[in-house]
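Enquirer: sequence and computational prediction follow.
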Amino acid sequence: MSPRIAQIRLVSSHPEVYEPCDDSFALVDALLADRNNLLEHNPRLCVEVGCGSGYVITSLALMLGPHIPGAYYIATDLNPHAVRVTSETLEAHGVHAELIQTNIASGLEKRLERMVDVMVVNPPYVPTPEDEVGCEGITSAWAGGENGRRVIDRILPIADCLLSDRGWLYMVTLAANDPSQICRQMKKKGYAYRIVIQRSTEEENLHIIKFWRDPDCELDVKTPVTNKTFPERVVESLVSQFPQLSSWRTGGSNS
Amino acid sequence: MRLLTHNMLSSNIKGVSNGFPLRIEVEKVIEKEVDCNPDFLINMFAKIEWKALVDAARTMGYAELPEEAESSMLDSDEFLRKFHHALLELHLEEGALVCPETGRKFPVNKGIPNMLLHEDEV
Ligand SMILES: C[S@@+](CC[C@H](N)C(=O)[O-])C[C@H]1O[C@@H](n2cnc3c(N)ncnc32)[C@H](O)[C@@H]1O
């Protein structure tokens, strides 16, 4: 039996809320494609930033729910109608997520630091004039400012702060966002990445990229060594003493 | 909003150094039964600010949690049941979260807290 995802006829709507679209479907398809890994990953805390209609967080809860009964889901959006519509969509499917109306994850950053195991984001990624970013109403659902990067570039450092040591981030990007530059930037912060889905529609060339912390990645030179987590340091000192271990270390970091 | 979520939220107003825990103002509490998952509770226990949870639960009308808790208590089914109830089954449906430092209120409507800041607060 194929895993359950949200059904369009049960997804609630509102004129000011982004309806599930090609980008939403691509993100859910990426989660489905990676579902076996997700089940094995056994996430405790999953967060969606910018939940819109709730199509994605509902699908995630449905596809993981029966197998990971204890998982906790939190979804945010700055649009008040979106969080309400998301709660209706969740309820129509009989699943639960905690909703917070906020800018990205503001208010959660302190206590959720390094706690999020899975984060999913379909950000506003369309290149637009700067003044359309974050304005009221439906425009803020897609308006991404210059190169569509304005909101993405604010989300990435927050994701880095919230993701747990084993945290995974799935994000939608458009070719115009320069995804390879985003990947290089994340690599500097210590993330490995993989394009889970690439899809060209009539109007858009979409990439769904998965990022995860990888101890093998070059860390930003500015990062002091003491910032490393304890296990990373142990692995490093072990590897320096027993070079043959380094293959084990690479092997363990594939996701 | 469940009390686990409350335990994860702090005041995000610029300049506030002691934004946790947010005080709860109750207009309406609802209870929704959910399956108890001991593994989840045991894992979350380490991350919970216990006193904030006890106070929040009491404000919501549930005074069964012990003032102090330590991990050895997780062996007790009775304790797990109370912890589970406070953490996941009590929902603040209507009310507000109040910044402990400035008194600024973040409204909670239909169970959804609004943490958006005004321009002069960011
Ligand atoms: C492209 S839509 C995606 C909606 C939904 N996740 C989906 O895939 O169908 C982007 C969403 O992000 C929200 N958003 C935009 N800027 C945001 C911000 N700074 N913080 C939180 N949400 C934001 C918008 O309101 C909109 O609902």
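Expert: Thanks, I have it.

Enquirer: C-alpha from now on. contacts and neighbour counts both.
Expert: Noted.

Enquirer: and the strands in chain A?
Expert: Assigned by DSSP state E, the strands in chain A fall at A:45-49, A:72-77, A:98-101, A:116-121, A:163-174, A:191-200, A:205-213.

Enquirer: dump those into CSV; add mean neighbour count and distance to chain B as well.
Expert: Supplementary listing: the strands of chain A in CSV, determined by neighbours: other CA atoms under 10 Å in any protein chain shown; distance: least, CA to the nearest CA, whole Å:
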stretch, mean neighbour count, distance to chain B
strand A:45-49, 24, 10
strand A:72-77, 25, 8
strand A:98-101, 25, 5
strand A:116-121, 24, 12
strand A:163-174, 22, 13
strand A:191-200, 17, 25
strand A:205-213, 22, 21
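
Enquirer: adding distance to B:Thr5 and mean pLDDT, write these out as a markdown table.
Expert: As requested, the strands of chain A are arranged in a markdown table below (distance: least, CA to CA, whole Å; pLDDT from 0 to 100):
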| stretch | distance to B:Thr5 | mean pLDDT |
| --- | --- | --- |
| strand A:45-49 | 11 | 98 |
| strand A:72-77 | 8 | 98 |
| strand A:98-101 | 7 | 98 |
| strand A:116-121 | 13 | 98 |
| strand A:163-174 | 17 | 97 |
| strand A:191-200 | 28 | 96 |
| strand A:205-213 | 25 | 97 |
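
Enquirer: and the ones you listed as JSON lines, adding distance to the ligand?
Expert: Below are those laid out as JSON lines (distance: least, CA to the nearest ligand atom, whole Å):
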{"stretch": "strand A:45-49", "distance to the ligand": "6"}
{"stretch": "strand A:72-77", "distance to the ligand": "4"}
{"stretch": "strand A:98-101", "distance to the ligand": "8"}
{"stretch": "strand A:116-121", "distance to the ligand": "7"}
{"stretch": "strand A:163-174", "distance to the ligand": "9"}
{"stretch": "strand A:191-200", "distance to the ligand": "15"}
{"stretch": "strand A:205-213", "distance to the ligand": "12"}
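
Enquirer: so what's the residue count around the residue lying closest to B:Glu64 once chain neighbours are set aside?
Expert: Spatial nearest neighbour of B:Glu64, chain neighbours left out: B:Lys82 (6.9 Å); criterion: CA to CA, 6 or more residues apart in numbering or on different chains. Burial measure for B:Lys82: 16 neighbouring residues, criterion other CA atoms under 10 Å in any protein chain shown.

Enquirer: look at B:Lys82 and give its secondary structure.
Expert: For B:Lys82, the secondary-structure state derived from DSSP: H, G, I helix; E, B strand; the rest coil is helix.

Enquirer: ok, how many other residues are close to residue 79?
Expert: If you meant another chain, say so; for now it's chain A. When counting by other CA under 10 Å, one arrives at 24 neighbours for A:Asn79.

Enquirer: you looked at the wrong chain, it should be chain B
Expert: 16.

Enquirer: so what pLDDT did the residue lying closest to it once chain neighbours are set aside get?
Expert: In space, not counting the residues next to it along the chain, B:Phe79 is nearest to B:Met73; the distance is 6.6 Å by CA to CA, 6+ apart. At B:Met73 the predicted local confidence, pLDDT, stands at 96.

Enquirer: and B:Met73, helix, strand or coil?
Expert: Following three-state DSSP, we place B:Met73 in the helix state.
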